[in-house]
Structure formats: structure tokens, C-alpha cells
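> fold the following.
(one chain, ligands or ions: 1)
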Amino acid sequence: MGPTYKRVTTNVLQEMKNNGEKISMLTAYDYTLAKIVDNAGIDVILVGDSASNVMAGHETTLPITLDNMIYHASSVVRAAKRSLVVIDLPFGSYQGDSKKALRSSIRIMKESEAHAVKLEGGSEVIESVERILKAGIPVMGHLGLTPQSIYKFGTYTVRAKENAEAKKLVEDAKLLEKAGCFSIVLEKIPAKLAKKVAKSVKIPIIGIGAGSDVDGQVLVLHDMLGMNNEFNPRFLRRYLNLYDEISVAIKKYDKDVKAKKFPNNNEEY
Ligand code: KIV
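As a prediction, the model looks like this:
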């Protein structure tokens, strides 16, 4: 799909799956980059809680707050003319209390004007999923590696390699579909299992480290642009090496300032 201004909706994503068209999704956390992503024709912009790592420098996604997420989400929504904008419910804003989950989702929808929310987990959070959906708010699920549970897993390695976890993941995907979720993200699971899930449910399955036999792909924008040279999972394809390119530009500026070469006569009033 090219960059037209016809808004991508949850129905459009379903049509894309039905027609066998792949769905593209990237994260964004600010107005400037979201504008580039939207204009480039990406179908879904995820304001991920990975902002906790990427924007704030935290080790995990746990510290980011609902207020932080709403700030990032509002900036992205102001930029997105075509993409569907999905916002992560941060850790602590929905687990174990479905009424709190609904209040958090309503705040996101009212204060940022986003189009949908995403949350992590299956049967453990189904009451929250159902309550949010009943209020008319579209929900995207997230299964497999769910970073908000990192201290339960203890590691960021591939999930659902064992039969019991794989079986639960397929059941959770069906549960989320039955509840009314419009899509599910599958993170870092075997490609064979992801293919099975994408065939077992009718709603679009978006993968990250889940192979190619799913309905769409998502990456963290800063990772695929190569702005971070410390994160090197096998699933990451870097389309640029911006860390090096930006460093070269900044060093050149520093050198010019110190050598009194910036500004020159044409750059002053
Ligand atoms: O927070 C995030 O960026 C995500 C993606 C990795 C799917 O949830």
C-alpha cells in the first residue's frame, strides 16, 4: 500500500489478512519520526512500552507510566494521518484489575486520541480484555515473549519451545480471538508455532522474531534504523546504520565549531 490518506482501520487489517496481503507495523514514540513512518505507508504505528528502553534508557519496560505513554501517544497521533495508532498499556495499568484496565484504556483513548490499545498475556488478563472491548475500545493481544513479565521468565530467550507452553500459547490466541481482539502480536517464538497460530485464528497475527508465515511484521524503529549498536537479536534486520552516520555528523560539527569554521559568513545575520 502506498502513502494515501485513507485511514487504516482494524477492518482494513482484517481485509488484508483475508486477501493474503502482509501488514507492516513499526514503533514510534515522537511526532517527527511518526510523521516519516506514516508518510512512508506503514499500516500500523505502535507506541510501544519499549519507549521505556529506547526513549528513557531503562533496562526493562516496567518503569514506564501511563502518563508517559499518553505523552508519547499524543505526539504520534498528531503525526499519523493514515496509519492505525496502537498504544501499549504499561505494566501495572491493567493486570489483576479489569476495572483499572478499563480506566487506563479510557484515559489513553480520551487523552491521546489513539485508535486501539495493546496488552500482554492470554488467560491471565482475559477479564481485562473483555471489559475494555465491551467499552468499544479495540484491543491487540501480545503473546510469546512478553517483556513486562521478564522477571518471571528470567531471560529474553525464545519462548514456547516446549510443548506445554506452545499448547497454552495456541489456546490463548484462540481465547483472545473469541473475546474480540482485532489482532495479536507474537514475539520471539519458533516460526513453526507462529505459522500454526496464524492458521488457527482468523484475526491478523503480527510477528517479531516469529518467522515469515504470519500476517505481518513489526520491528522497533530505532533498532531497524541502526540507532542502537548494542542490541543484536537474530530477528533484527538493520536497514541503516544511523548510530555511525549520526556520530560522523556530530563529530564534524564539533570539529567545525572548535576550528571556528562554523558558522561562516553566509550563516550569520
Ligand atoms: O513495546 C514494543 O515495542 C512492542 C513490540 C516489540 C511488539 O511491544
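> do you know the pLDDT at whichever residue of the stretch 1-150 of the chain sits closest to the ligand?
For the stretch 1-150 of the chain and the ligand, the shortest gap (C-beta to the nearest ligand atom) falls at Gly48, measuring 2.4 Å. C-beta: built from backbone N, CA, C; applies to glycine. Turning to Gly48, the model gives it a pLDDT of 98.
> what secondary structure does Phe262 sit in?
Under DSSP: H, G, I helix; E, B strand; the rest coil, Phe262 falls in the coil class.
> mind checking the SS state of the residue lying closest to it once chain neighbours are set aside?
Spatially, and ignoring its direct neighbours in sequence, Phe262 is nearest to Asp256 (3.8 Å; C-beta to C-beta, 6 or more residues apart in numbering). Per three-state DSSP, the secondary structure class of Asp256 is helix.
> residues in contact with Ile184?
140-143, 173, 176-177, 197, 201, 203-206 (C-beta atoms under 8 Å, 6 or more residues apart in numbering).
> returning to that earlier point: how much space between the residue nearest to Phe262 and Leu242?
21 Å (C-beta to C-beta, to the nearest Å).
> neighbour count for these two, which is higher?
Per other C-beta atoms under 10 Å, whichever of Asp256 and Leu242 has more neighbours is Leu242, with 16 against 13.
> buried ones in stretch 145-153, by neighbour count?
Of all the residues in stretch 145-153, those buried under the rule 16 or more other C-beta atoms under 10 Å are 145-150.
> what's the most distant pair in those?
Farthest-apart pair in the buried residues of stretch 145-153 is Leu145 and Gln148; separation 10.3 Å (C-beta to C-beta).
> test my guess that Gly226 contacts Arg237.
No - in terms of C-beta atoms under 8 Å, Gly226 does not count as a neighbour of Arg237; the distance is 9.9 Å.
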